[in-house]
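Participant: task: produce atomic coordinates for the following.
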Amino acid sequence: MAAESRVVSVQLADVSSRSVTETPSIRRDPIAQVVRLATRPVSVVWPRPTVDHWGRDQRLVEAIGPWANLRWDVSVGGEQLLPRGGALIIVNTRRFALTPISTAFALGEALHRPVRFVGRPDTVPFGPLLRRVGGLLAQPDEIAGALRDGQLVVLGAHGSANPRFAGAVDPQLVGAAIRENVPVHVAATLSTMVSRQARVEVVAALRSRKKRRGPLAEVELAEHAQRRLQDLLDEMGGTRTGVPGLGWLGEG
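Facilitator: So this is what the prediction gives:
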């Protein structure tokens, strides 16, 4: 009799624990579910591991994708100019916007391959969550490692209040691409605070007219990327209308 009572108590405790961890309110709340999935071990969340060695979880990205599409409706152009291997993609960013993240999601969907972005914090809970969707720390060594591994990495210029203004580009972060000898592309982006419509236009890789080494090469490439971004933004006609100029077809 005592053994039967112990079995019943264990079964009740098991049911109680499952009801606490998987309540209907959690299942109905997509935000809580995403955070829960991002912070739990992979072997518990999914039957088979889906996290690569850079921390990106493909299954989580696929789960978040429909929610991201509710916020952004991004049209992508020029993605065929990107290489199959590693490359750094520099984009202009509007202040307080998530431009590198939305650009990485849009390019990844268009190319059917992982695209990472620079700028995740190294703090809980946002750091681990953004790492699961492709975020990298804004550190030259981490960017260089991803480029060396053949990854596409989106780097945002300094944010500006005007979406048609290209902010400065960090030379130290661009230097990772120089050291790894991978191409550097720029992609002009246009979006608004109130609209879902957004555009991402990628152009051919930048080509430096001077062969330099060291810090000067990093500074020159960063300034070249900023100028090219500004030229592209001046050519774009808007988020819904306008045809890019002939400069889209030429060298970056």
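Participant: might one say that Ala166 is in contact with Met236?
Facilitator: No. In terms of CB atoms under 8 Å, Ala166 does not count as a neighbour of Met236; the distance is 11.5 Å. Bear in mind the C-beta positions are built from the backbone N, C-alpha and C, glycine included.
Participant: the chain: strands as residue ranges?
Facilitator: 73-77, 87-91, 115-118, 135-136, 152-156, 184-191, 197-202 (DSSP state E).
Participant: indicate which one of those is closest to Ala63.
Facilitator: Closest approach to Ala63 among these (CB to CB): strand 135-136, 16.0 Å.
Participant: who touches the closest one?
Facilitator: For strand 135-136, the surrounding residues in contact (CB atoms under 8 Å, 6 or more residues apart in numbering) are Trp54, Ile101, Arg116, Phe117, Val118, Gly119, Arg120, Gly127, Glu142, Ile143, Ala146, Val153.
Participant: figure out which of the strands of the chain is closest to Leu221.
Facilitator: Closest approach to Leu221 among the strands of the chain (CB to CB): strand 184-191, 6.5 Å.
Participant: buried stuff in the closest one?
Facilitator: Within strand 184-191, the residues that count as buried by 16 or more other CB atoms under 10 Å are Val184, His185, Val186, Ala187, Ala188, Thr189, Leu190, Ser191.
Participant: coming back round to it: and the strands of the chain as TSV, adding mean pLDDT and distance to Trp67?
Facilitator: Written out in TSV, the entries for the strands of the chain read as follows (pLDDT from 0 to 100; distance: least, CB to CB, whole Å):
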stretch	mean pLDDT	distance to Trp67
strand 73-77	92	13
strand 87-91	98	21
strand 115-118	97	17
strand 135-136	96	16
strand 152-156	98	19
strand 184-191	94	17
strand 197-202	92	16
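Participant: how close does the nearest residue in space to Pro121 that is not next to it in sequence sit to Pro183?
Facilitator: If you skip the residues right next to it in sequence, Pro121 has Gly127 as its closest partner in space, 4.8 Å away by CB to CB, 6 or more residues apart in numbering. Separation of Gly127 from Pro183 (CB to CB, to the nearest Å) stands at 29 Å.
Participant: neighbour count for the two, which is higher?
Facilitator: Set Gly127 next to Pro183 and count neighbours by other CB atoms under 10 Å: Pro183 wins out with 19 against 14.
Participant: report the two of the contacts of strand 135-136 separated the most.
Facilitator: It's Gly127 and Val153 that sit farthest apart of these, by CB to CB, at 17.4 Å.
Participant: picking that back up, ok, Ala166 and Met236, which is more surrounded?
Facilitator: Ala166 (25 against 19).
Participant: state the distance from the more buried one to Glu223.
Facilitator: The gap separating Ala166 from Glu223 is 11 Å, by CB to CB.
Participant: how about Thr99?
Facilitator: For Thr99, the distance to Glu223 under the criterion CB to CB works out to 20 Å.
Participant: between these two, which one's more packed in?
Facilitator: The neighbour count for Thr99 versus Glu223, taken as other CB under 10 Å, is higher for Thr99 (26 against 14).
Participant: in ChimeraX, how would I select the buried members of the contacts of strand 135-136?
Facilitator: What follows is the ChimeraX syntax selecting those of the contacts of strand 135-136 that are buried according to 16+ other CB under 10 Å:
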select :54,101,116,117,118,119,120,142,143,146,153
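Participant: could the contacts of strand 135-136 go into a markdown table alongside distance to Asn92?
Facilitator: Listed next are those as a markdown table, based on distance: CB to CB, whole Å:
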| residue | distance to Asn92 |
| --- | --- |
| Trp54 | 25 |
| Ile101 | 14 |
| Arg116 | 18 |
| Phe117 | 14 |
| Val118 | 14 |
| Gly119 | 14 |
| Arg120 | 19 |
| Gly127 | 25 |
| Glu142 | 22 |
| Ile143 | 18 |
| Ala146 | 21 |
| Val153 | 16 |
